[in-house]
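S.K.: Quick one: sequence and predicted model below, then my questions.
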Amino acid sequence: MNRRRALLAAVLLALGAVLSGGCAGAAGTAVGGPPGGAAPPDRGTVAYIDREGCIAWVPLGAGTAGRFCPGTRAAVSAITWLDGGVLAYVTPETQRSGWLGLRIATGETFRLTPEESPRIVQVGAPQFYSVRGERIDIVDGVPVWTSADGAEQRALLARSPGSSGFSMVTWAPDGRGVVLAEGPEKALWVVGVDGSGARRIAAASREIVSWFVPASGAMPHADLTCTLPSESTYRCEPAPWQPAEGAEAAAGGEVVLSWSLCPGATGYELEVTDAAGAVVLRRVTAAPAVRAVFRAPGELSWRVRARIGEDAGPWGPARALIVR
């Protein structure tokens with residue numbers, strides 16, 4: 001952890017010049033690409049906006065791919081995972097009234113409260129740096145990985161003959177893979193940072209992507225997509241916000257648990273325990289809130305900690321919740 005913090009600190013010194021130009025990256029313009037390889041181990045699920053403005057998702061391991069088109073005139077303009085089974089999305093028509101949630105297993109949609117709504121500055125913008133402090137640059141259409149200390153560098157995917165190459169879309173939330181776009185149709189590729197497991201997951205897209213990995217959270221961040229973790233992120237203790245200490249909730253009813261943000265975190269881990277200390281709910285989420293249902297009456301205690309990729313920060317203060 002200390003070595004990683006030192007590497008991140010060194011990377012942060014160079015951020016000014018990079019982020020002063022925004023988060024834009026080079027854009028690919030030609031069709032063609034590398035041959036597909038074997039699928040990597042289960043790395044969560046990648047969701048993206050397709051050319052028709054609908055939401056599609058592709059599990060990188062076990063699971064079922066799917067697609068959802070909202071019942072609005074306008075296309076979906078932004079997406080992010082809230083947790084492994086729920087996506088948040090917005091269209092130009094719904095932007096003023098807030099984000100909507102989509103349960104991908106059932107297709108159910110619901111309106112998000114202000115506490116649950118993602119805080120995103122640039123959705124789908126390239127993430128030059130990972131949570132591990134590593135970097136991806138596009139050099140003559142080729143994605144080039146550079147280690148956090150700058151000592152190692154290698155190309156991830158070779159450019160096909162006649163192709164103008166790839167563009168950077170986003171990192172995996174644990175920093176172990178990237179999504180790249182290729183050609184005028186913005187075909188999407190997933191590849192590991194060691195160059196393994198190259199796989200085309202979509203023939204076309206709008207280059208707006210969100211990747212969720214269990215125990216790591218989502219990328220882009222649900223706070224600031226261009227925020228890197230810092231020393232303060234590792235020390236950050238999310239503070240419970242709602243419900244209030246000792247608030248009551250109806251057994252079998254839905255309750256929203258929300259907390260303060262930790263800038264630079266890729267996710268949050270919520271833990272709820274009963275009076276005996278047994279864990280009744282544990283969930284990793286990208287947003288600073290979770291909807292939960294508790295069916296058994298009793299006194300519960302809930303707390304939250306931030307996650308930076310696979311690393312967890314300290315637990316925040318616990319808060320009591322009475323279920324009646």
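M.R.: Received the coordinates, thanks.

S.K.: Now the terminal residues of stretch 251-265, how far apart.
M.R.: Counting by CA to CA, to the nearest Å, you get 32 Å between the two ends of stretch 251-265.

S.K.: What number of residues are in the vicinity of Arg103?
M.R.: 14 (other CB atoms under 10 Å). In this view, the C-beta of every residue, glycine as well, is placed from N, C-alpha and C.

S.K.: Run a quick neighbour tally on the closest residue to it other than its chain neighbours.
M.R.: Counting by CB to CB, 6 or more residues apart in numbering, Val86 is the residue found nearest to Arg103 once chain neighbours are left out, at 5.6 Å. As a burial measure, Val86 scores 22 neighbours (other CB under 10 Å).

S.K.: what about stretch 279-299, distance to the chain center?
M.R.: Stretch 279-299 sits 20 Å away from the centroid of its parent chain (CA atoms, centre = their mean, to the nearest Å).

S.K.: can you give me the end-to-end distance of that stretch?
M.R.: Termini of stretch 279-299 sit 12 Å apart (CA to CA).

S.K.: What of stretch 197-216?
M.R.: Using CA to CA, one end of stretch 197-216 lies 20 Å from the other.

S.K.: Only the buried residues of it, if you could.
M.R.: Within stretch 197-216, the residues that count as buried by 16 or more other CB atoms under 10 Å are 197-202, 204-216.

S.K.: and if you look at stretch 75-89?
M.R.: Within stretch 75-89, the residues scored as buried using 16+ other CB under 10 Å are 75-84, 86-89.

S.K.: In the record's domain split, what are the boundaries for this protein?
M.R.: 24-219, 231-323 (automatic domain parsing).

S.K.: follow-up on the earlier one: how about the buried residues of stretch 75-89 in CSV, adding pLDDT?
M.R.: Listed next are the buried residues of stretch 75-89 as CSV, based on pLDDT from 0 to 100:
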residue, pLDDT
Ala75, 89
Val76, 92
Ser77, 89
Ala78, 88
Ile79, 90
Thr80, 88
Trp81, 90
Leu82, 88
Asp83, 88
Gly84, 87
Val86, 92
Leu87, 93
Ala88, 90
Tyr89, 92
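
S.K.: ok, back up a step: who's in contact with the residue nearest to Arg103?
M.R.: Contacts for Val86 (CB atoms under 8 Å, 6 or more residues apart in numbering) come out as Gly101, Leu102, Arg103, Ile104.

S.K.: The residues you listed in strands, which ones?
M.R.: Secondary structure from DSSP state E places Gly101, Leu102, Arg103 of the contacts of Val86 in strands.

S.K.: if I look at the first one, how far off is Leu180?
M.R.: If I follow you right, that is Gly101. 28 Å (CB to CB, to the nearest Å).

S.K.: and the two? which has more neighbours close in?
M.R.: Leu180 (29 against 19).

S.K.: Verify the stated contact: the more buried one with Phe166.
M.R.: Yes. Counting by CB atoms under 8 Å, Phe166 is a contact partner of Leu180 at 4.4 Å.
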